[in-house]
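Q: no sequence on hand, only this structure:
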């Protein structure tokens, strides 16, 4: 009976140490970069969303087009740079596992503005909006549009 009483605290200490080692091993890494336009000019005020295993952060590029955040090392990171539609620049998406500090510069492309709405068979509007698309997606949309 005395042995059991001492085993519980020993198991508890071992568990806490294992959890602490795992948290320590994950660590934090820096993710940063610069968002530029088609001619390479830095773009300020561009919404940039980072989401990773265990967290997310909404950012806006500064006056030099720079963004920066800290994320969990070893996490799956999804990056989304979403310029306002009026700029007619194509939204940029990227995914990768982050094992060390990452500098991810983004050069946005010019896009064509596609406006429209999706109507269900019962004529109810499912969605409407505008999106800047690159040349390939614009050609696909035109090819599949009703004439």
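A: The structure has been received and is ready for your questions. Remember, it's a predicted structure, so these values are computed and weren't measured experimentally.

Q: please count neighbours and contacts with C-alpha atoms only from this point.
A: OK.

Q: not counting residues beside it along the chain, what's closest to residue 106?
A: Ranked by C-alpha to C-alpha, 6 or more residues apart in numbering and with sequence neighbours excluded, the top spatial neighbour of residue 106 is residue 35, at 4.8 Å.

Q: could you measure from that neighbour over to residue 119?
A: Going from residue 35 to residue 119 by C-alpha to C-alpha, to the nearest Å gives 35 Å.

Q: who has more neighbours, those two?
A: Ranked by neighbour count (other C-alpha atoms under 10 Å), residue 35 and residue 119 place residue 35 first, with 26 against 12.

Q: from residue 115, how far out is that one?
A: 25 Å.

Q: again with residue 77
A: 30 Å.

Q: residue 30 sits in which helix or strand?
A: strand 28-36 (DSSP states H and E).

Q: what helices or strands is that strand leaning on?
A: Packed against strand 28-36, as judged by 3 or more C-alpha pairs under 8 Å, 6 or more residues apart in numbering; DSSP states H and E, are the following elements: strand 66-72, strand 102-103, strand 106-107.

Q: show me what the helix or strand just after the longest one is packed against.
A: Beyond strand 66-72 on the C-terminal side, the first helix or strand identified by DSSP H and E is strand 76-81. Secondary-structure packing of strand 76-81 (3+ C-alpha pairs under 8 Å, 6+ apart): strand 47-52, strand 92-97.
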